[in-house]
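Trainee: make a model of this:
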Amino acid sequence: MICGNFTATDRGFHGEIRFFGLSEKVEILRIDDKASDKSPDYRIVAADDERIEFGVGWLKATKDQKPYASLKLNPVLAPDVHLRLVSTETTGKFELKVD
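Mentor: Alright, predicted model coming up:
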């Protein structure tokens, strides 16, 4: 199930997450100063205010070494939501899929 479309930016990705009639424009921002190798590679924040954080993500690879971002949303009223940000056939375009 696709729940968003994203475009690559200099800082990460820009797009929109859509669930059950709700939508939120977000930025998936690369973390350049990670505390450790196990720390997240990305922060998921509101597009209009980086202080509002929705979750985090880690850079991973499929068995055939195709890179993707494994994302974890932290909704306030529900369990964690796990998603994958994967590239499309169009350069610089990505789809957000539910794990």
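
Trainee: any low-confidence regions in this structure?
Mentor: Low-confidence segments of the chain (pLDDT under 70): 75-78.

Trainee: just the helices in it please.
Mentor: Assigned helices in the chain: none (criterion: DSSP state H).

Trainee: so where do the strands sit in it?
Mentor: 2-8, 12-19, 22-30, 42-46, 49-61, 67-73, 81-87, 93-98 (DSSP state E).

Trainee: how about the ones you listed, which one is nearest residue 36?
Mentor: Minimum separation from residue 36 across the strands of the chain (C-beta to C-beta) falls at strand 49-61, 12.0 Å. (Glycine included, C-beta is placed from N, CA and C.)

Trainee: give me the helices and strands touching that closest one, please.
Mentor: strand 22-30, strand 42-46, strand 67-73 (3 or more C-beta pairs under 8 Å, 6 or more residues apart in numbering; DSSP states H and E).

Trainee: among these, which is nearest residue 89?
Mentor: strand 67-73 (14.6 Å).

Trainee: which residues are in contact with the closest one?
Mentor: Contacts with strand 67-73, where a contact means C-beta atoms under 8 Å, 6 or more residues apart in numbering, come from 13, 17, 28, 41-42, 44, 54-62, 80-87, 96, 99.

Trainee: a markdown table for the strands of the chain, including distance to residue 36 and mean neighbour count?
Mentor: Converted to a markdown table, the strands of the chain look like this (distance: least, C-beta to C-beta, whole Å; neighbours: other C-beta atoms under 10 Å):
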| stretch | distance to residue 36 | mean neighbour count |
| --- | --- | --- |
| strand 2-8 | 26 | 17 |
| strand 12-19 | 20 | 18 |
| strand 22-30 | 16 | 17 |
| strand 42-46 | 15 | 20 |
| strand 49-61 | 12 | 14 |
| strand 67-73 | 17 | 19 |
| strand 81-87 | 21 | 17 |
| strand 93-98 | 26 | 17 |
